[in-house]
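Asker: Sequence first, predicted model second:
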Amino acid sequence: MTVDAAQGLQERRKTVEGHEVRVVSYKIGDRFGSRVDNIDPGDVIGRGRGATREEAEDAAVEAASLRLGLTSAREMLQKSVGHLNRGSTPR
């Protein structure tokens with residue numbers, strides 16, 4: 001099934017790892033699905049499913065939090081490596 005076939009579509013905004021995101025949840029059959037996107041450009045950064053809307057949203061937000069945290073860690077690592085490379089002298 002697709003989101004087009006979903007019922008009870010709900011949308012809200014939330015801050016995750018310092019980023020404003022959109023949390024969308026919907027019912028498909030007897031289960032719920034959810035996705036989290038970064039609003040602009042609207043890339044999906046987390047998905048979740050569950051028996052309840054809350055369970056699905058929690059799973060999607062957790063996935064988005066992990067992805068955003070890893071992105072921040074990668075950026076910090078790249079910045080640190082760049083700083084170390086500028087400060088080193090050839091031997």
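Answerer: All right, it came through fine. Numbers count the residues shown, from 1 in each chain.
Asker: Would you mind listing where the chain has pLDDT under the threshold?
Answerer: Applying pLDDT under 70 to the chain flags the ranges 1-6, 88-91.
Asker: Can you list the residue ranges for helices in it?
Answerer: With DSSP state H as the criterion, the chain has helices at 53-87.
Asker: Now do the same contact list for the residue nearest the centre of it.
Answerer: Among the residues of the chain, Ala64 comes closest to the average C-alpha position under CA atoms, centre = their mean, at 2.3 Å. Applying CB atoms under 8 Å, 6 or more residues apart in numbering to Ala64 gives the contacts Val16, Glu17, Val21, Val36, Ile45, Gly46. The way it works is simple: take the backbone N, C-alpha and C, and place the C-beta from them, glycine included.
Asker: Narrow those residues to just the buried residues.
Answerer: Using 16 or more other CB atoms under 10 Å as the burial test, the contacts of Ala64 include Val16, Val21, Val36, Ile45, Gly46 as buried.
Asker: For those residues, could you give me JSON lines that also reports distance to Asp30?
Answerer: Below are those laid out as JSON lines (distance: CB to CB, whole Å):
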{"residue": "Val16", "distance to Asp30": "28"}
{"residue": "Val21", "distance to Asp30": "27"}
{"residue": "Val36", "distance to Asp30": "22"}
{"residue": "Ile45", "distance to Asp30": "26"}
{"residue": "Gly46", "distance to Asp30": "22"}
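Asker: Ser34 contacts Ile45, correct?
Answerer: No. At 12.0 Å, Ser34 does not count as touching Ile45 under the criterion of CB atoms under 8 Å.
Asker: circling back: so which of the contacts of Ala64 sit within strands?
Answerer: Counting by DSSP state E, the contacts of Ala64 place Val16, Val21, Val36, Ile45, Gly46 in strands.
Asker: Using PDB, list the CA coordinates for stretch 71-85.
Answerer: Provided in PDB are the C-alpha atoms of stretch 71-85 (Å, rounded to 0.1, in the frame of the first residue of the first chain):
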ATOM      1  CA  THR A  71      25.600  13.400  10.000                       C
ATOM      2  CA  SER A  72      26.600  15.800  12.800                       C
ATOM      3  CA  ALA A  73      29.400  13.500  13.900                       C
ATOM      4  CA  ARG A  74      30.700  13.100  10.400                       C
ATOM      5  CA  GLU A  75      30.800  16.900   9.900                       C
ATOM      6  CA  MET A  76      32.700  17.300  13.200                       C
ATOM      7  CA  LEU A  77      35.200  14.600  12.200                       C
ATOM      8  CA  GLN A  78      35.800  16.200   8.800                       C
ATOM      9  CA  LYS A  79      36.200  19.600  10.400                       C
ATOM     10  CA  SER A  80      38.700  18.100  12.900                       C
ATOM     11  CA  VAL A  81      40.700  16.400  10.200                       C
ATOM     12  CA  GLY A  82      40.800  19.600   8.100                       C
ATOM     13  CA  HIS A  83      42.100  21.500  11.200                       C
ATOM     14  CA  LEU A  84      44.800  18.800  11.800                       C
ATOM     15  CA  ASN A  85      45.900  18.800   8.200                       C
END
